[in-house]
Every structure is written in structure tokens, then in C-alpha cells.
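>>> 3D model of this:
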Amino acid sequence: MKVRSFGAAFVLLAAAGGLLVASGALDVRLAWRGNEALAVDWFGRGQETQGAQPAAKPFWKTQPPAAEAAPPQGAPPSFADLAERVSRGVVNIQTSKTVTGQEFPRVFEEFFFGGPPEERFQQREHKVPSLGSGFVISSDGYIVTNNHVVEDVDSIKVAFSDGSPEAEATIVGRDPKTDIALIRVKTDKVLFALPLGDSEKVRPGDWVVAIGNPFGLEHTVTAGIVSAKHRVIGQGSYDDFIQTDAAINPGNSGGPLINLAGEVIGINTAINPRANTIGFAVPVNMAKEVLPQLEATGHVTRGWLGVVIQRITPELSKEFGLADDKGALVSKVMPDGPAAKAGIERGDVIVEFNGQPIADWNELPRQVALTPVDQKVPVVLVRQGKRKTVTAMVAKLEEPETQEVAKAETTGPAAFGLRVQNVTQELAEQLGLDDASGVVVTAVAPGSPAEEAGIHRGDVILEVDRYAVKNTAQLREKLEEADEGTLLLVKRGDATLFIPLKRVPGQ
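Next comes the predicted model:
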């Protein structure tokens with residue numbers, strides 16, 4: 001009985017399959033010994049969804065060929081196939097710019113061997129060549145490189161790995177803040193473009209390959225791993241580098257950092273000159289954010305909030321009564337800026353911007369920069385231990401950039417190793433102060449708490465524990481009340497900083 005039931009079921013399945021094949025709903029092709037053999041997709045994967053609206057298509061290549069999409073697992077036995085495949089999309093960039101000055105050999109020769117004095121020291125123009133790297137992102141000639149590779153140059157020539165004649169390139173757009181530039185060559189040839197991957201998916205320990213033009217050695221291939229992510233190396237407000245131990249040298253700038261699927265996940269940009277295994281690449285996701293603007297307008301327009309911020313250290317977290325050290329501490333609010341108009345105050349801790357949590361302080365400038373100008377956004381902050389939400393209208397960031405980044409440091413008089421004096425009118429003018437009030441630091445004792453805190457000679461102490469101090473008497477009174485330590489507000493140049501100052505036990 002069971003056999004009959006199974007046979008009947010098989011007949012029904014066969015009949016249903018025959019109907020699907022006859023109707024064209026199911027494509028089954030079988031082959032043998034070298035002919036075509038395709039797997040059957042029972043669930044419709046790979047077929048277009050009827051009625052779905054296509055997403056806006058970027059002008060760069062987004063995906064490698066299907067056969068190359070899946071990276072090998074584990075350590076590859078060789079990078080040769082990958083290097084051969086992607087090298088077609090990597091270019092060498094040769095630039096030249098004119099500078100004015102005397103070349104030393106010429107000066108030496110003319111000084112000792114004659115020539116009229118007026119000609120001897122005459123300034124002359126000469127060409128200075130430079131080298132860099134780049135990679136093609138679209139078959140019609142768009143190429144990505146570093147801004148510092150093409151900044152202020154007179155000519156740009158691009159050389160391809162296949163031996164094609166060098167092509168002249170023009171600058172489409174530059175963004176100094178992220179060190180990204182977009183250039184273009186005009187050619188009748190269809191160029192091989194490298195797909196841009198997703199740098200957020202990259203993990204420390206992943207294999208990567210760097211290809212470029214170090215020291216003029218064309219199409220050099222090096223391999224290594226991603227050493228770390230989200231590195232801040234002091235290049236600006238938008239630092240967010242991928243660190244790699246793949247060898248990067250002068251001339252690699254602008255070249256691609258590639259994963260095993262053949263996708264660009266970073267733009268090689270900087271090195272640590274004291275080590276040959278520490279290089280840094282701009283994440284490709286950051287490039288994706290600026291490339292459309294560079295292609296459309298040649299520059300990047302960024303949002304501006306109008307605050308000076310600093311990192312929250314464990315000491316600052318304790319002073320402000322915070323649960324953790326997440327967020328960005330506001331140490332200054334620009335007058336008439338978006339933050340001031342929204343009611344943000346000095347001492348507030350911004351923990352969320354436009355729905356995005358701010359875990360680390362340097363995430364805030366990037367989030368603000370990506371926000372369209374004139375857009376109203378919610379800003380969640382912590383003020384005196386309580387969460388508060390305000391609405392800010394993001395303005396346009398003008399040059400020079402006024403959204404400064406303040407470094408967390410520390411200060412404090414005698415028990416803290418400080419020598420101070422009242423700010424006089426003359427000192428106020430020298431220090432660029434609005435009025436002759438406050439206390440200026442005239443000396444810091446070596447090895448003192450003030451020196452440990454990072455207080456500098458010339459710092460102006462404005463507040464102690466959130467109370468304004470106008471003279472040395474008020475400062476002394478407030479510091480004497482501090483048992484274990486205190487929180488100072490210090491003006492240094494154009495910046496203002498909150499600085500926790502610890503008292504040495506027994507003093």
C-alpha cells in the first residue's frame with residue numbers, strides 16, 4: 001500500500017513539473033561532459049521583483065562579477081589571481097607643478113663662477129614632478145585619488161597597467177577635509193572599473209591587498225590584514241581611518257585597499273613614518289558620501305552646528321555625574337550659531353544627533369557634516385544629569401572651519417602647582433580677551449598636579465566648579481573648598497576647555 005501511495009505521489013509531482021516546464025515558469029537544462037549544466041532555482045532567487053522601484057544608481061561600479069563576488073575563506077594560497085584581476089583598474093598618477101625659487105646648484109655655480117649680481121639672485125620658475133596612485137570607478141573615465149596628490153598641480157597624467165598611452169586628466173572635484181579627489185580622463189576606450197565595497201563590514205583581521213605606485217615602482221602589490229578601524233590620527237575633524245599592515249609607502253597615496261572579493265574598501269592615504277607596517281586608508285563609505293557632490297558641483301557642502309567639543313574622560317564623567325563616557329562634551333557654543341539658537345549650553349553632553357547615538361565624541365562632527373543644510377534635527381543632550389531634547393536647524397559650514405575640536409587637558413593655584421595673577425587690561429589685549437577679568441596662569445610647577453593635568457602658562461581660568469572667577473581671591477577661595485579636586489573652565493587661545501584638576505593627597 002505504501003509503495004502505491006509513493007508511486008502515485010511521484011506521478012503527481014512529475015506531472016506538476018511537466019506543466020511548469022511547459023509553461024516556461026521553470027527552466028531546467030541538463031548537460032553532460034562539457035555542455036551547459038545549470039542548477040534549478042526553486043525559490044526565484046536572482047529574478048527581478050515585478051513592480052519594484054529601482055534605487056538611485058550611483059555613477060561608480062558597485063558589484064564585482066557574480067563569479068568573483070564570493071571571497072575565499074581562510075588564508076588564500078596566493079593573491080596572484082586577485083592582483084591580476086584588479087590591477088586593470090588601478091592607475092599611476094604623474095603630476096607637475098610650477099614653483100618659483102633658486103635651485104641650490106645654480107646659485108652655487110653663479111656665485112662662485114660669475115654672472116651679474118642682478119641675474120645671480122634672480123628667481124626662476126621650474127617644474128616639480130610628483131607621483132601618486134588612483135583607481136577607476138566608472139568605465140567612462142572617473143578616477144578616485146587623494147586630494148593631496150592633485151592639489152595645486154598644473155598637469156595630471158594617468159598611466160594604465162595594460163600599456164595604453166598616458167591620458168591627460170582633469171580635476172572634477174576635491175575635498176581637502178577627507179583628502180578625497182575625483183578626476184576624469186577622456187578616452188574612447190571602455191575602462192575597467194573597480195567596484196566599491198562596504199567598509200563597515202570590514203573587520204580587524206580581514207585580508208586586504210594594496211596596489212599603487214610607491215617610489216615610482218608601478219603597480220606594486222602588497223598584502224596584509226586590517227589592523228584596526230576608526231583610527232583618529234590628527235588629520236582633521238573627520239578622521240575615521242582604516243589601519244592596515246599591508247605595506248604602504250610614498251606614491252601609494254590615492255590607491256585602493258582591496259578585499260578578497262576584489263572590492264575597494266579604502267583609499268590609501270597616510271603612513272606612520274616611524275614604521276613600515278602602519279598605514280591608513282580612508283574608508284570607502286566616506287568616499288561614497290562625498291563623491292556625488294564632487295561629481296555634481298566640484299566641492300562638498302557640509303552642515304554646521306556651531307559648537308566646540310571635547311572627549312569625555314573618566315574624570316570628566318565623574319565631575320559631570322555621567323553614567324559613562326559616551327557622548328561629546330560641549331566646551332564652547334558659537335554666538336548666534338545653530339546650537340546657541342537651539343538652547344545648547346556649555347557643559348551639555350550631546351549623546352544623540354538626528355536619531356544617531358553619539359558613542360564617541362568625534363562621531364558628532366561627521367554626523368553633523370552629513371546633515372543637509374537648513375534641516376531641523378533633534379539633539380538629545382544631558383544637562384546636570386537629566387536628558388533633554390532640543391531642535392537645531394543645521395547651517396552651512398563656512399571656511400575657515402569654525403567647528404573646532406578641543407583637546408581634553410587639565411589645570412589649577414599653589415597646592416596644585418600654579419602661579420597666577422589677575423588679568424590686566426594690557427594682558428587682556430595680549431591674550432585677545434573681551435574684558436580685563438579672570439585669572440591668568442603665569443607658571444606651572446614641574447611634576448605638579450597642574451602640569452599632569454596639562455595646564456599651560458598663559459591659560460586663563462574662567463570658572464571653578466561652574467562658578468565664574470573674576471580674580472585670584474575668588475580662585476583661591478574656590479580651590480580651597482575642593483577636597484579631592486575640582487573642575488576648571490580654561491580659555492586657551494580661541495578655545496575653551498573643561499579640565500578636571502586633582503588634588504594630591506595630604507595637600
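>>> Quick one: the helices in the protein, in order.
With DSSP state H as the definition, the chain shows helices at residue ranges 2-23, 80-86, 104-113, 117-120, 147-150, 284-297, 314-319, 338-342, 363-370, 425-431, 449-453, 472-481.
>>> Quick one: residues in contact with the last one.
Under the contact criterion CB atoms under 8 Å, 6 or more residues apart in numbering, helix 472-481 has outside partners 412-413, 415-416, 420-422, 439, 461, 464-465, 467, 469, 486. Quick note: C-beta positions are derived from backbone N, CA and C, even for glycine.
>>> now those residues as TSV including pLDDT and distance to Ser87?
Formatted as TSV, the contacts of helix 472-481 follow (pLDDT from 0 to 100; distance: CB to CB, whole Å):
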residue	pLDDT	distance to Ser87
Gly412	44	59
Pro413	77	65
Ala415	76	65
Phe416	81	60
Val420	84	63
Gln421	82	65
Asn422	82	68
Val439	86	63
Ile461	89	59
Val464	85	62
Asp465	83	62
Tyr467	82	65
Val469	84	64
Thr486	81	60
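>>> Put the buried members of those into a ChimeraX selection.
Buried residues among these (16 or more other CB atoms under 10 Å), as a ChimeraX selection:
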select :412,413,415,416,420,439,461,464,469,486
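>>> now, which of the contacts of helix 472-481 sits nearest Val349?
Asp465 (16.9 Å; CB to CB).
>>> List the contacts of the residue nearest to Ala445 when sequence neighbours are not counted.
Leaving aside its sequence neighbours, Ala445 sits nearest to Gly417 (CB to CB, 6 or more residues apart in numbering; 3.6 Å). Neighbour list for Gly417: Val444, Ala445, Gly447, Ser448, Pro449, Ala450, Glu451 [criterion: CB under 8 Å, 6+ apart].
>>> go on, Ala193?
Per CB under 8 Å, 6+ apart, neighbours of Ala193: Trp60, Lys61, Gly89, Val136, Ile137, Ser138, Ser139.
>>> tell me the pLDDT at the nearest residue in space to it that is not next to it in sequence?
Nearest non-adjacent residue to Ala193, counting by CB to CB, 6+ apart: Lys61, 4.0 Å away. Lys61 carries a pLDDT value of 73.
>>> correct me, but Lys61 touches Phe192?
No: Lys61 is beyond contact range of Phe192, at 9.2 Å (criterion: CB atoms under 8 Å).
>>> Next one, pLDDT for Glu345 please.
93.
>>> That one touches Val333, doesn't it?
Yes: using CB under 8 Å, Glu345 is in contact with Val333, at 6.5 Å.
>>> Those two: who's more crowded?
Applying other CB atoms under 10 Å to Glu345 and Val333 shows that Val333 carries more neighbours, namely 23 against 12.
>>> mind listing what the more buried one touches?
Gly306, Val307, Val308, Ala339, Ala340, Ile344, Glu345, Arg346.
>>> Look up how far Val368 lies from the first one.
In this structure, Gly306 and Val368 are separated by 9 Å, where distance is defined by CB to CB, to the nearest Å.
>>> Just list whatever residues bridge to Val307.
Going by DSSP bridges, Val307 is paired in beta bridges with Val333.
>>> quick one: contacts for it?
So Val307 contacts Val330, Lys332, Val333, Met334, Gly337, Ala339, Ile344, Ile350, Gln403 (CB under 8 Å, 6+ apart).
>>> Can you check the pLDDT for the last one?
The one in question is Gln403. For Gln403, the predicted pLDDT is 35.
>>> what about Val232, neighbour count?
Val232: 16 neighbours (other CB under 10 Å).
>>> which residues touch the residue nearest to Ala75 when sequence neighbours are not counted?
Leaving aside its sequence neighbours, Ala75 sits nearest to Trp207 (CB to CB, 6+ apart; 7.1 Å). Contact analysis of Trp207 by CB under 8 Å, 6+ apart lists Ala75, Pro76, Ala223, Gly224, Ile225, Asn259, Leu260.
>>> Tally up the residues packed near Gln346, please.
That one is not Gln; residue 346 is Arg. 17.
>>> Stretch 376-392 - what's its average pLDDT?
On average, the pLDDT along stretch 376-392 is 92.
>>> Determine how far it lies from the middle of the whole chain.
26 Å (CA atoms, centre = their mean, to the nearest Å).
>>> Can you say which two of the contacts of Trp207 are spatially most distant?
Most distant of the contacts of Trp207, by CB to CB, are Ala75 and Asn259, 13.9 Å apart.
>>> Looking at those two, which one has more neighbours?
Asn259 (23 against 8).
>>> Look up the closest residue to the more buried one, ignoring the ones flanking it.
Counting by CB to CB, 6+ apart, the residue nearest Asn259 is Ile265, at 5.2 Å.
>>> what do you get for Gly343?
Per CB to CB, 6+ apart, closest to Gly343 is Val390, 5.1 Å.
>>> Return the residues in contact with Ile225.
Ile225 neighbours (CB under 8 Å, 6+ apart): Pro204, Gly205, Asp206, Trp207, Val208, Thr244, Asp245, Ala246.
>>> Next, count neighbours for the closest residue to Arg85 other than its chain neighbours.
Spatial nearest neighbour of Arg85, chain neighbours left out: Gly262 (6.0 Å); criterion: CB to CB, 6+ apart. Counted with other CB under 10 Å, the neighbours of Gly262 add up to 23.
>>> neighbour-wise, which of Gly306 and Val368 wins?
Remark: of Gly306 and Val368, Val368 carries more neighbours, 27 against 23, as counted by other CB under 10 Å.
>>> Pass me the low-pLDDT residue ranges in this structure, would you?
Within the chain, the stretches with pLDDT under 70 are 1-57, 63-74, 99-126, 276, 399-412, 425-426, 429-432, 446-447, 482-484, 503-507.
>>> got the domain boundaries for it?
59-295, 303-396, 414-502 (automatic domain parsing).
>>> what's the spacing between the second one and its chain's center?
With CA atoms, centre = their mean as the basis, the distance from the averaged C-alpha position of domain 303-396 to the chain average is 19 Å.
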